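> okay, predicted coordinates and the sequence, questions at the end:
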Amino acid sequence: MQGCASSFAPEHPLLMATAKTNIHQGYSQQPLPLDQESNLLLYAQEMGRLEQLTGAFTQSQRHYQRAIELYQQQWQRATLSATEIAQQTAAVIINDLAISYGGNPFEQLMLHQYQGMNYLFQGNLEAAMVEARQVNQLQQMQLQQYQGEHSVAALESGEIQKQLSQLSRNAGNHGSSLVNSYNYVFSALLHDISGNANAAYIDIKKAHQLSPNNPQLKSWLAELAQKAELEMPQGFIGAPASKGQGTLVLLGEQGWIQAKKAINIPFWIDRKWYRLSMPSYGRSYPPAPLKLTLDSIPLSNNRVNQLDKLAITALKEQYIAIAARQIARIYAKVKVNESMEYEARGLELAVEIFNLISERADLRSWLTLPQGTSLTRKHISAGKHQLNINGQLKQLEIKPGRTTIVWAIKVDNKLKIHSIII
């Protein structure tokens, strides 16, 4: 059974470590070391992101489209297929790695945004707008489902509740993994470029509510209020570009998103202690913003959000279901042991050893996402300019009435820079 084989494969964070360092050598069609049968979605997301980072937007677009189709197939299926039933059965017997990776709503929203960025940096603003609208529609639909079904109080276990509390502290004040200020900033950028100041104002207002201390969002919100002829927010200062000016927008991304780690949680069944092998996260620390100068004059680069915290929140939202599946698996194994005759103690011992070895936390997640995001936005006189990003020089052209978009990704102390004028 393929699911059984993947249940004992090396952990996903370990497999991705080498792949992430290889991006600094340029685009490569070398496949990722993932079992593709049980990780089709994860493979498409990781491969698409690695290609995107190196500027291979067309290749990335194809992998992202495959991932989008896989999510759509999940939504369209009302019942489990025979393969999925077999995987769920294997998961009860072995561990959660026997289940095909299904992603989560947080990753799905980022998938559509990054597909939109593929289109944007190929000059296709209309297709990028389609992806931004898809993010908004999915977010609304999933928020309604989340509010109707979500519960984190289904299991009465002090240790599990302790872990939920720890995840909440590590995640900060994020109420839902579906509310992502980086999604709002990208959507606002596209609306602003397209001349829809009202829609851009709504998006930036949402982003500002999530990141109230970001001065870039404050000035952008004030500018959009003027464009849309709305009431100026009190204390906010910002104005549209003057004649002969263009706009520089720098979308910054820093670091790799945190990988899950495995923890053991003690659990009491039939007067015996057993252990749940559960995924978890450590504390999330904000990455340093980018250091920028334009023509040797410092530019501010302010944090938009920490995707780490959204990933932690997403795990917290799934935690009870994961724990319940593990408890059901342990209980099933206990009953198998109890059904053995006393004379078969050697076989029973072998089963217990197998149970101990096979109990593994599912640490799979989209690991090539950034740890944090940031924004720089400024109106600049038209002409040639020199942008310095963390010591790396980039020649820019600013055109009057146009927007120069720079996408700067800093990972492993190296920079990937992409730009386009829209």
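Cool, the structure landed.

> ranges for the helices of this protein?
Secondary structure of the chain (DSSP state H): helices located at 2-7, 12-22, 40-53, 57-76, 82-93, 105-120, 125-149, 158-171, 181-193, 197-210, 215-227, 307-338, 345-358.

> can I get those helices in TSV including mean neighbour count?
C-betas here are computed from N, CA, C, even on glycine. As requested, these are arranged in TSV below (neighbours: other CB atoms under 10 Å):
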stretch	mean neighbour count
helix 2-7	19
helix 12-22	16
helix 40-53	24
helix 57-76	17
helix 82-93	16
helix 105-120	24
helix 125-149	16
helix 158-171	16
helix 181-193	25
helix 197-210	21
helix 215-227	21
helix 307-338	19
helix 345-358	13
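
> mind putting those helices in JSON lines, distance to residue 292 and mean pLDDT included?
Formatted as JSON lines, the helices of the chain follow (distance: least, CB to CB, whole Å; pLDDT from 0 to 100):
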{"stretch": "helix 2-7", "distance to residue 292": "44", "mean pLDDT": "46"}
{"stretch": "helix 12-22", "distance to residue 292": "25", "mean pLDDT": "75"}
{"stretch": "helix 40-53", "distance to residue 292": "20", "mean pLDDT": "93"}
{"stretch": "helix 57-76", "distance to residue 292": "24", "mean pLDDT": "92"}
{"stretch": "helix 82-93", "distance to residue 292": "48", "mean pLDDT": "46"}
{"stretch": "helix 105-120", "distance to residue 292": "20", "mean pLDDT": "96"}
{"stretch": "helix 125-149", "distance to residue 292": "24", "mean pLDDT": "84"}
{"stretch": "helix 158-171", "distance to residue 292": "29", "mean pLDDT": "84"}
{"stretch": "helix 181-193", "distance to residue 292": "17", "mean pLDDT": "97"}
{"stretch": "helix 197-210", "distance to residue 292": "20", "mean pLDDT": "95"}
{"stretch": "helix 215-227", "distance to residue 292": "12", "mean pLDDT": "94"}
{"stretch": "helix 307-338", "distance to residue 292": "21", "mean pLDDT": "80"}
{"stretch": "helix 345-358", "distance to residue 292": "50", "mean pLDDT": "50"}
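
> any idea which of these gets closest to residue 384?
The closest of those to residue 384 is helix 181-193. By CB to CB, the value is 21.5 Å.

> which other helices and strands contact that closest one?
Secondary-structure packing of helix 181-193 (3 or more CB pairs under 8 Å, 6 or more residues apart in numbering; DSSP states H and E): helix 105-120, helix 125-149, helix 197-210, helix 215-227, strand 245-254, strand 302-306, strand 372-381, strand 403-411.

> how about the ones you listed in a markdown table, adding distance to residue 11?
A markdown table is the format used below for the helices and strands packed on helix 181-193 (distance: least, CB to CB, whole Å):
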| stretch | distance to residue 11 |
| --- | --- |
| helix 105-120 | 18 |
| helix 125-149 | 28 |
| helix 197-210 | 32 |
| helix 215-227 | 38 |
| strand 245-254 | 24 |
| strand 302-306 | 23 |
| strand 372-381 | 24 |
| strand 403-411 | 20 |
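
> so which of the ones you listed comes closest to residue 170?
The nearest among the helices and strands packed on helix 181-193, by CB to CB, is strand 302-306 at 10.6 Å.

> for the closest one, which outside residues touch it?
Residues outside strand 302-306 that contact it (CB atoms under 8 Å, 6 or more residues apart in numbering): 172, 180-182, 185, 207, 210-211, 214-217, 284, 286-287, 289, 371-376.

> circling back: of the helices of the chain, which approaches residue 296 most closely?
Per CB to CB, nearest to residue 296 of those: helix 215-227, 20.7 Å.

> counting by contacts, list what the closest one packs against.
helix 181-193, helix 197-210, strand 302-306, strand 372-381.

> closest one to residue 412 among these?
Short answer: strand 372-381, nearest of these by CB to CB, at 14.6 Å.

> flag every buried residue along the closest one.
372, 373, 374, 375, 376, 377, 378, 379, 380 (16 or more other CB atoms under 10 Å).

> where's the most centrally placed residue in the chain relative to residue 406, distance?
The C-alpha lying nearest the average C-alpha coordinate of the chain belongs to residue 107 (CA atoms, centre = their mean; 4.4 Å). For residue 107, the distance to residue 406 equals 25 Å [CB to CB, to the nearest Å].

> what's the spacing between residue 268 and residue 276?
11 Å.

> which of the two has more neighbours?
residue 276 (22 against 10; other CB atoms under 10 Å).

> now that one: how far from residue 117?
Counting by CB to CB - residue 276 and residue 117 are separated by 38 Å.

> likewise for residue 52?
As judged by CB to CB, residue 52 and residue 117 stand 7 Å apart.

> neighbours around the closest residue to the residue nearest to the centre of the chain other than its chain neighbours, how many?
Nearest non-adjacent residue to residue 107, counting by CB to CB, 6 or more residues apart in numbering: residue 366, 4.9 Å away. With neighbours defined by other CB under 10 Å, the count for residue 366 comes to 25.

> can you offset everything so residue one is 28?
In the new numbering, first residue 28, that becomes residue 393.

> could I get the helices of the chain in TSV, plus columns for distance to residue 288?
Conversion of the helices of the chain to TSV gives the following (distance: least, CB to CB, whole Å):
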stretch	distance to residue 288
helix 29-34	18
helix 39-49	8
helix 67-80	18
helix 84-103	25
helix 109-120	20
helix 132-147	18
helix 152-176	25
helix 185-198	12
helix 208-220	24
helix 224-237	27
helix 242-254	33
helix 334-365	11
helix 372-385	19
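
> now do residue 355 against residue 302, distance only.
15 Å.

> before we move on, what about residue 448?
57 Å.

> and what of residue 250?
Distance from residue 250 to residue 302, by CB to CB: 55 Å.

> cool, and residue 414?
52 Å.

> try residue 389
Distance from residue 389 to residue 302, by CB to CB: 15 Å.

> between these two, who's got more neighbours?
The residue with more neighbours, out of residue 389 and residue 302, is residue 389; 23 against 14, by other CB under 10 Å.
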